[in-house]
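# Kindly return the folded structure for what I paste below:
(one chain, ligands or ions: 1)
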Amino acid sequence: MAEVVLKSVEKQYPNGFKAVHGIDLEIKDGEFMVFVGPSGCAKSTTLRMVAGLEDITGGEIWIGDKCVNEVQPKDRGIAMVFQNYALYPHMTAYNNMAFGLQMSKTPKNIIDQRVREAAKHLEIEDLLDRKPKEMSGGQRQRVALGRALVRKPDVFLFDEPLSNLDAKLRVSMRVRIQELHEMLKAEGVPATMIYVTHDQVEAMTMGDRITVLNAGRIMQVDTPMNLYRKPENLFVAGFIGAPSMNLVDGEIVEMGGKVFVSIPGGVLPLPEEKAEKVRSHVGKKIKFGLRPEDIIANEVHEGGEGFVTGSVRVVEQMGNEEFIYFNAAGTQFIARVNPEQVKNIRKGEDYRFWFNLAKCHMFDLETEENLTL
Ligand SMILES: Nc1ncnc2c1ncn2[C@@H]1O[C@H](COP(=O)(O)OP(=O)(O)OP(=O)(O)O)[C@@H](O)[C@H]1O
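Numbers count the residues shown, from 1 in each chain. Sure, this is the predicted structure:
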């Protein structure tokens, strides 16, 4: 059990490239923290610095009550699970799991007990005599997880552990890792887990909290729900959510004392709460954001919100939901609708799309900050 704290952590690679620009982050005891962001944002670099596999060129990393800058990886109380499993090919699953403990001279009976206990949790008891090449990808990854588990680390580090697995297996492994986290908590030995992924579905479903990174900087650290509902900036708004938030150019305008937002296809009246947040931006251009589920596709709608008229380009049927791609004044929008409620939307035709403006976001073009929080 240990808190992991990063204080102004920096990383400059020997070639001069600065990958991490002063990160401050506190990961609580027993927390499941996910690092997410686009390729190259420095998720792996940051994780590897916590592991001690990469030295840091500025700042401090603390695990528990110890600054670990100068501490060897094996002495940090961590275990890491990699994307490529990193199992020894000539060893059986049992020996792969036992190896670390053997190296640290743990008594044989304790090693045996821990390996069998981990194998039971991970349902790999039947595979203990097999070598990696005799196992499927999912089975190998469970052995890799078992190898981490037997060491009873304070902190588990995961570097995209599921990205080599097919979609179905990924989901079941995702659940297994979450169960493992819960199980350790229930047993009174909660482990701090840091999990790197570029897959935002994984991030949103697994994390107690998520750190969103971009270009070596933290964009927001928050719960999945807050990242979705209250993105602090344009980057997080565009990155979190699939399909992503509609983000279009807009301008704040005032007419007769009322505040409106002018976007492609319409000038929409802002509800009082939103109007107050952007009144100081009257006359300024902004970025307007609205999630696809906050657009209602219907001819008649008696809400107080505004609408734009758009021409439907594509209707994607997804079973219990439907995505409607439409064009308004040359700009593409996407609406997510329930096919039960919205019938007969046809490609090529024009409809009124009502915007639930109580849910809209507006971003300052210079600072990219969300003005409407
Ligand atoms: N050894 C290195 N020398 C120089 N630059 C490096 C080195 N390793 C990584 N980088 C650069 O540092 C940045 C961060 O890399 P990192 O692997 O941490 O990103 P990531 O977010 O994990 O990306 P991905 O999702 O693609 O794995 C990238 O721009 C990368 O090119």
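# which residue ranges form the helices in the stretch 101-250 of the chain?
108-121, 137-150, 167-186, 200-206, 224-229, 234-239 (DSSP state H, counting those that start in this stretch).
# okay, these in JSON lines with mean neighbour count and mean pLDDT next?
(C-beta placed from N, C-alpha, C; glycine too.) Formatted as JSON lines, the helices of the stretch 101-250 of the chain follow (neighbours: other CB atoms under 10 Å; pLDDT from 0 to 100):
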{"stretch": "helix 108-121", "mean neighbour count": "16", "mean pLDDT": "94"}
{"stretch": "helix 137-150", "mean neighbour count": "23", "mean pLDDT": "92"}
{"stretch": "helix 167-186", "mean neighbour count": "15", "mean pLDDT": "90"}
{"stretch": "helix 200-206", "mean neighbour count": "19", "mean pLDDT": "92"}
{"stretch": "helix 224-229", "mean neighbour count": "17", "mean pLDDT": "97"}
{"stretch": "helix 234-239", "mean neighbour count": "22", "mean pLDDT": "97"}
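# Let's have the ones you listed in CSV, adding distance to the ligand.
Formatted as CSV, the helices of the stretch 101-250 of the chain follow (distance: least, CB to the nearest ligand atom, whole Å):
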stretch, distance to the ligand
helix 108-121, 28
helix 137-150, 18
helix 167-186, 16
helix 200-206, 12
helix 224-229, 17
helix 234-239, 13
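# Is it possible to get CSV of those helices that adds distance to Arg291?
CSV is the format used below for the helices of the stretch 101-250 of the chain (distance: least, CB to CB, whole Å):
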stretch, distance to Arg291
helix 108-121, 38
helix 137-150, 34
helix 167-186, 24
helix 200-206, 14
helix 224-229, 8
helix 234-239, 9
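# Now do the residue of the chain most remote from its centre against the ligand, distance only.
When each C-alpha in the chain is compared with the mean C-alpha position (CA atoms, centre = their mean), Gly256 comes out farthest, at 43.1 Å. Counting by CB to the nearest ligand atom, to the nearest Å, the gap from Gly256 to the ligand is 49 Å.
# Show me what from the chain comes close to the ligand.
Near the ligand, the residues belonging to the chain are 13, 15, 17, 19, 37, 39-45, 198 when assessed by CB under 6 Å from any ligand atom.
# which two from these end up farthest apart in space?
Every pair in the residues of the chain next to the ligand was compared (CB to CB); the two farthest apart turn out to be Asn15 and His198, at 23.2 Å.
# Looking at the two, which has the bigger crowd around it?
It is His198, of Asn15 and His198, that has more neighbours when counted by other CB atoms under 10 Å, with 17 against 5.
# Surely that one and Gly37 touch.
Yes: counting by CB atoms under 8 Å, Gly37 is a contact partner of His198 at 7.1 Å.
# Need the residues touching each of the two.
Residues within reach of His198 and of Gly37 at once, by CB atoms under 8 Å, 6 or more residues apart in numbering, are Lys43.
# do you know how far the residue farthest from the centre of the chain is from Pro269?
In this view, Gly256 and Pro269 are 11 Å apart by CB to CB, to the nearest Å.
# Ok, Ile296 next?
The separation that Ile296 has from Pro269, given CB to CB, amounts to 16 Å.
# What of Glu293?
The value you get for Glu293 to Pro269, if CB to CB is used, is 21 Å.
# Met204 too?
Using CB to CB, one obtains 32 Å as the distance from Met204 to Pro269.
# got it, and Ala51?
Per CB to CB, Ala51 is found 53 Å from Pro269.
# Neighbour count: the two, which is higher?
It is Ala51, of Ala51 and Pro269, that has more neighbours when counted by other CB under 10 Å, with 19 against 16.
# now the strands: where do they sit in the stretch 251-373 of the chain?
If DSSP state E, counting those that start in this stretch is used as the criterion, the strands of the stretch 251-373 of the chain fall at 258-263, 266-269, 285-290, 295-297, 307-317, 322-328, 331-337, 350-355, 361-364.
# tell me the contacts of the nearest residue to Leu268 once chain neighbours are set aside?
Distances taken as CB to CB, 6 or more residues apart in numbering place Gly306 nearest to Leu268, at 3.2 Å, with adjacent residues excluded. Neighbour list for Gly306: Phe260, Gly266, Val267, Leu268, Pro269, Trp354, Phe355, Leu357 [criterion: CB under 8 Å, 6+ apart].
# So the chain: which segments form each domain?
Here the chain is described, according to the TED database, as comprising the domains 4-239, 246-364.
# what residues are up against the residue in the stretch 251-373 of the chain that the ligand sits nearest to?
Distance from the ligand to each residue of the stretch 251-373 of the chain (CB to the nearest ligand atom) is smallest for Glu368, at 20.1 Å. Applying CB under 8 Å, 6+ apart, we find Glu368 in contact with Asn233, Leu234, Phe235, Lys287.
# Of those residues, just say which sits nearest to Met103.
Taking these together and measuring to Met103 by CB to CB, the closest member is Phe235, at 42.9 Å.
# Would you check that the closest one makes contact with Arg217?
No: between Phe235 and Arg217 there is no contact, the gap being 9.5 Å when judged by CB under 8 Å.
# Report how many residues lie close to Val342.
Taking other CB under 10 Å as the neighbour definition, Val342 ends up with a count of 16.
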